[in-house]
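Novice: Build the 3D model from these lines:
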Amino acid sequence: MQIAQHTVVSIEYTLTNDEGEVLDTSKDTEPLAYIHGLGQIVAGLEAALLGRSVGDAFQIRIAADQAYGERDPELVHTAERAQFGGDDPEIGMQVQAEGPDGAETLTIVAIEGDVVTLDANHPLAGIPLTFDVTVVAVRAATKQELTHGHAHGAGGHDH
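Specialist: Numbering: from 1, shown residues only. Next up, the predicted model:
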């Protein structure tokens with residue numbers, strides 16, 4: 001079976017940046033399972049998987065705009081240290097805040113005196129990514145999976 005709209009796809013992958021640093025991998029874990037065509041993985045990888053079959057293995061470099069998007073300077077904000085209450089902010093700490101589109105995760109990227117700089121961009125925004133991928137399973141999604149919007153069973157989850 002070929003990967004197409006509304007198929008459940010399981011892949012083994014290793015994700016690296018241009019320096020060859022491993023950013024994420026499914027090695028030593030379950031393969032990643034997703035429903036194709038629902039935007040559950042980055043757009044560039046989803047497009048590269050279309051039409052592929054079990055056993056296909058390939059490497060693809062995906063531009064930032066087809067991965068986690070370009071960095072948006074408007075998603076960088078500052079706050080006063082006092083706004084963190086009793087918590088002592090640290091670089092790398094992630095906090096939840098209410099944004100215009102609902103809850104968003106912000107990462108503390110700098111602290112200068114009492115001013116804390118927070119970034120709501122995805123940590124991989126602005127970075128081209130290279131995926132080494134092997135397709136390990138492809139099957140039609142069930143009605144329940146399509147209703148729930150995610151894969152069930154091996155590589156997904158059960159209810």
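
Novice: Now for the residue nearest to Gln66 when sequence neighbours are not counted, how many residues are close by?
Specialist: Counting by CB to CB, 6 or more residues apart in numbering, Gln66 lies nearest to Gly44, which is 3.2 Å off, once chain neighbours are set aside. For the C-beta atoms, the positions are set from N, CA and C on the backbone; glycine is no exception. Using other CB atoms under 10 Å, Gly44 is surrounded by 19 other residues.

Novice: same thing with Asp114?
Specialist: Asp114: 10 surrounding residues under other CB under 10 Å.

Novice: Check Tyr34 too.
Specialist: Neighbourhood size, Tyr34 [other CB under 10 Å]: 22.

Novice: next one: Val135
Specialist: By other CB under 10 Å, neighbour count at Val135 equals 21.

Novice: again with Ala110
Specialist: The burial count for Ala110: 12, using other CB under 10 Å.

Novice: likewise Leu129?
Specialist: Neighbourhood size, Leu129 [other CB under 10 Å]: 22.

Novice: Now do it against Ala120, distance only.
Specialist: Distance from Leu129 to Ala120, counting by CB to CB, to the nearest Å: 20 Å.
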